[in-house]
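Peer 1: Pasting a predicted model and its sequence here:
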Amino acid sequence: MNPEAYLLAALAVFLTGISKSGFAGGLGILGVPLVALTMPPQSAATLLLPVLILIDVVSVWRFRTSWKARTIVVLLPGAGIGIGIGMAGFSSLDPNFLKVGIGLLALWFVVHQVFGTMTVAGTQGRQGRLKIFVASLVSGFAGFVAHAGGPPIKGTFLRLGLDKSAFVGTNAVFFFILNLAKAGGYASLGLFSVSSLLSSAALVPFTLMGIWVGFALHDRVPQGLFVRMAFGLLALAGLNLLAFGGAGLLMGAT
């Protein structure tokens, strides 16, 4: 990587480390768009995946007693199908369309919270199960092609009313499994190389610093403020995806 690309990638993994380890994502959605300013989006996704797995490993250990196994089991089938679809379209898909779509979905969750009611009861019954399946499928697909799988899952977890440690812990376990599956998919597509893995390794110090800051903030933020921050981060992620995706589509049209 050239110095500009390295600095952007370092900023991306630092913010991702804070966000994923402390608040189950949000700022982490900036990762691929930031790094994609200096390289193709597929290359940016490949560079960041080992770093995401490192964050997941540390977060799973930190919140090993807090995650909800039943929630993970419900989410995995849809996510697996989404990853399979992502593998099929990874090389040909324009990620900008995906960013815009996921951005709109994230903002819908936030608007629904502000003007409607998002409660545990909203996830019950056949309609609730269908919504969870669709959210997990979209997360698996978006996660594979652009590491943008966080917003649908974050919205689902917020609907469940999990306390902050269960929220972050369940998110960490889910995305640890998801990212391991994605790594297998990336390897089968021949996307990893010695050079890309060495570049990922060079980002580890910034990743660990971000994780440390994220854990410290998690322990100090009250539950009510955590929920508000989670929705704020979800809104920020949605706006970011709309901005980067819309800009990419406009540039492609000119």
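Peer 2: Structure's in. What do you need?

Peer 1: What average pLDDT does the lengthiest helix in the chain get?
Peer 2: Counting residues, the longest helix in the chain under DSSP state H turns out to be helix 223-253. Taken as a whole, helix 223-253 has a mean pLDDT of 76.

Peer 1: can you give me the helices for the protein?
Peer 2: With DSSP H as the criterion, the chain has helices spanning 3-23, 31-35, 41-62, 69-89, 95-115, 125-146, 150-160, 164-188, 194-201, 204-220, 223-253.

Peer 1: how about the last one: buried residues?
Peer 2: Pointing back at helix 223-253 there. 226-227, 229-231, 233-238, 240-242, 244-245, 248 (16 or more other CB atoms under 10 Å). Bear in mind the C-beta positions are built from the backbone N, C-alpha and C, glycine included.

Peer 1: Nearest residue to the middle of the chain?
Peer 2: Compute the mean C-alpha point of the chain, and by CA atoms, centre = their mean the closest residue is residue 150, 3.3 Å away.

Peer 1: Residue 237 is in contact with that one, correct?
Peer 2: Yes: using CB atoms under 8 Å, residue 150 is in contact with residue 237, at 6.6 Å.

Peer 1: what about the residue nearest to residue 87 when sequence neighbours are not counted, neighbour count?
Peer 2: Take residue 87 and drop its neighbours on the chain: the residue closest to it by CB to CB, 6 or more residues apart in numbering is residue 185, 4.8 Å away. For residue 185, the tally of surrounding residues (other CB atoms under 10 Å) stands at 17.

Peer 1: Kindly report the same for the one 10 residues further on.
Peer 2: Residues within reach of residue 195, counting by other CB under 10 Å, total 10.

Peer 1: Make 43 the starting number, not 1.
Peer 2: Renumbered: residue one is now 43, and that last one reads residue 237.

Peer 1: any idea of the pLDDT on it?
Peer 2: pLDDT at residue 237 comes out at 91.

Peer 1: How about the one 4 residues further on?
Peer 2: Predicted confidence (pLDDT) for residue 241: 92.

Peer 1: didn't residue 210 look like it was pressed against residue 97?
Peer 2: No: in this structure, residue 210 is not within contact of residue 97 by CB under 8 Å, at 11.3 Å.

Peer 1: Go ahead and confirm residue 277 touches residue 152.
Peer 2: Yes: counting by CB under 8 Å, residue 277 does reach residue 152; the two are 4.5 Å apart.
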